[in-house]
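Chemist: No sequence on hand, only this structure:
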């Protein structure tokens, strides 16, 4: 999938703020974060939908590991998981730290993202990565 932005990230053609990586999956901070620490978990093999991933249980276990580490780093109150799959046609799961006083109220507004400085994104990604490894 040479035109897939996530496949390009996996191949190292596009940089990312990596928070997790193993043989099957890669997670990185969303460049349009809905909250600090908002990451995307993708399979390294191109699958169109999350339900196409053969290691479905392991995928969600990895998401939980990332979510718990992220909660500790950004001191969020809880985590929301979002799978839409329409923005990028590569299976992905949004791991979104939530705060009781964030601007999303009871739902998630995927179009209302934050502008977090690059230095802060680097620090958050490194802290999450180090807390998992």
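Modeler: That came through, no problem. Since the model is a prediction, treat every value here as computed from it, not as a measurement. Residues are numbered from 1 along each chain as shown.
Chemist: how about the strands of this structure, start to end?
Modeler: In the chain, the strands defined using DSSP state E lie at 18-21, 25-29, 39-43, 78-82, 93-98.
Chemist: Indicate each strand paired with the first one and its parallel or antiparallel sense.
Modeler: Under the criterion DSSP bridges, strand 18-21 sits next to strand 25-29 (antiparallel) in its sheet.
Chemist: report the angle between the axes of the partner strand and strand 39-43?
Modeler: 160 degrees (axes from the mean of the first three to the mean of the last three Cα atoms, to 10 degrees).
Chemist: coming back round to it: with residue 126 as the reference, name the closest of the strands of the chain.
Modeler: strand 18-21 (8.7 Å; Cβ to Cβ). Bear in mind the C-beta positions are built from the backbone N, C-alpha and C, glycine included.
Chemist: What mean pLDDT does the closest one get?
Modeler: Across strand 18-21, pLDDT averages out at 98.
Chemist: Likewise for stretch 74-87?
Modeler: 92.
Chemist: distance between the ends of that stretch?
Modeler: Terminal residues of stretch 74-87 lie 26 Å apart, using Cα to Cα, to the nearest Å.
Chemist: and the longest helix for this protein?
Modeler: As assigned by DSSP state H, the longest helix anywhere in the chain is helix 56-74.
Chemist: what sits up against that helix?
Modeler: The contact list for helix 56-74 (Cβ atoms under 8 Å, 6 or more residues apart in numbering) reads 19-20, 22, 24-25, 27, 35-37, 39, 41, 43, 50, 53, 76, 78-79, 81, 93, 95, 97, 124, 127-128, 131-132.
Chemist: Now, of these, which are buried?
Modeler: Buried members of these, scored by 16 or more other Cβ atoms under 10 Å, are 19-20, 25, 27, 35-37, 39, 41, 43, 50, 53, 76, 79, 93, 95, 97, 124, 127-128, 132.
Chemist: ok, residue 52 to residue 83 distance?
Modeler: Separation of residue 52 from residue 83 (Cβ to Cβ, to the nearest Å) stands at 12 Å.
Chemist: no no, residue 93
Modeler: Where residue 83 is concerned, residue 93 sits at a distance of 5 Å (Cβ to Cβ).
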